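**Student:** Next come a sequence and a model predicted from it.
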Amino acid sequence: AAGVIQSPRHLIKEKRETATLKCYPIPRHDTVYWYQQGPGQDPQFLISFYEKMQSDKGSIPDRFSAQQFSDYHSELNMSSLELGDSALYFCASSLRLAGGPDTQYFGPGTRLTVL
Amino acid sequence: AQSVTQLDSQVPVFEEAPVELRCNYSSSVSVYLFWYVQYPNQGLQLLLKYLSGSTLVKGINGFEAEFNKSQTSFHLRKPSVHISDTAEYFCAVLDTGRRALTFGSGTRLQVQP
């Protein structure tokens, strides 16, 4: 079965540079979530999109922005990178059920290292 | 706000022994609970979920969990572990307001030969 695809898998940037992470959800899924997992930490919710509109916001820094495109893929844009942004960034997708809980399926993650 | 607590940061166990990874939740509304597994340098894989219905939930790889409302727990169990089960296990609760998952701090299962 098709899974969530993330690219790139690894990314190395310098401080103050920008980075763009991409996420391709499972086919027919309409919702995308972004999570950040710092070293030795649990994943923290950043932001989500449903039907190409921002749905919910978590602890996403103002330096980060994201969007969901017409083909449902999503991009997380990160500017003015800081050392503390080094983390594993997960994308998850789901099919939103009206009035009910949806199940999120995660991609393999993008490991961002800021030097 | 909903939250989960994983009481054990590490659980060492011998191969073929049973294991229980503990998870307690706090929620004042309908609760939806999940267990994910993260193998080294990999993403999060869904093991099982409780949305409603039977309180005993069976998942992949021989794992199961029981939803206990009176004890606000959702412990993960496996009757006989393998070396390949060595991984980090995360319990998570769905925040129905934000539709985002809130994770516990994780439990590292170390299966020894």
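**Tutor:** All right, it came through fine. Numbers count the residues shown, from 1 in each chain, chains lettered A, B, ... in the order given.
**Student:** give me the number of residues near B:Asp85?
**Tutor:** When neighbours are defined as other CB atoms under 10 Å in any protein chain shown, B:Asp85 has 20 of them. C-beta: built from backbone N, CA, C; applies to glycine.
**Student:** B:Ala65 too?
**Tutor:** Neighbours around B:Ala65, by other CB under 10 Å: 27.
**Student:** likewise the one 4 residues further on?
**Tutor:** Counted with other CB under 10 Å, residues neighbouring B:Lys69 total 10.
**Student:** Over to B:Leu94?
**Tutor:** Using other CB under 10 Å, B:Leu94 is surrounded by 23 other residues.
**Student:** Could you double-check that it lies in contact with A:Pro101?
**Tutor:** Yes: the pair B:Leu94 / A:Pro101 is scored as a contact, 5.3 Å apart, by CB atoms under 8 Å.
**Student:** got any residues that touch both of these two?
**Tutor:** Common contacts of B:Leu94 and A:Pro101 (CB atoms under 8 Å, 6 or more residues apart in numbering or on different chains): B:Tyr32.
**Student:** near chain A, which residues of chain B?
**Tutor:** B:32, B:34, B:36, B:42-46, B:49, B:51, B:90, B:94, B:96, B:98-106 (CB under 8 Å from any CB of the partner chain).
**Student:** are any of those buried, and which?
**Tutor:** If you count burial by 16 or more other CB atoms under 10 Å in any protein chain shown, the buried members of the residues of chain B next to chain A come out as B:32, B:34, B:36, B:43-46, B:49, B:51, B:90, B:94, B:98-106.
**Student:** Quick check: pLDDT value at the residue of chain A most remote from its centre.
**Tutor:** In chain A, the residue that sits farthest from the middle, by CA atoms, centre = their mean, is A:Gly99; the gap is 24.0 Å. Predicted confidence (pLDDT) at A:Gly99: the value is 70.
**Student:** again, but for the one 10 residues further on
**Tutor:** The score at A:Gly109 is 95. That number is its pLDDT.
**Student:** count of residues packed around the closest residue to B:Arg77 other than its chain neighbours?
**Tutor:** Spatial nearest neighbour of B:Arg77, excluding adjacent residues (CB to CB, 6 or more residues apart in numbering or on different chains): B:Glu20 at 4.9 Å. When neighbours are defined as other CB under 10 Å, B:Glu20 has 13 of them.
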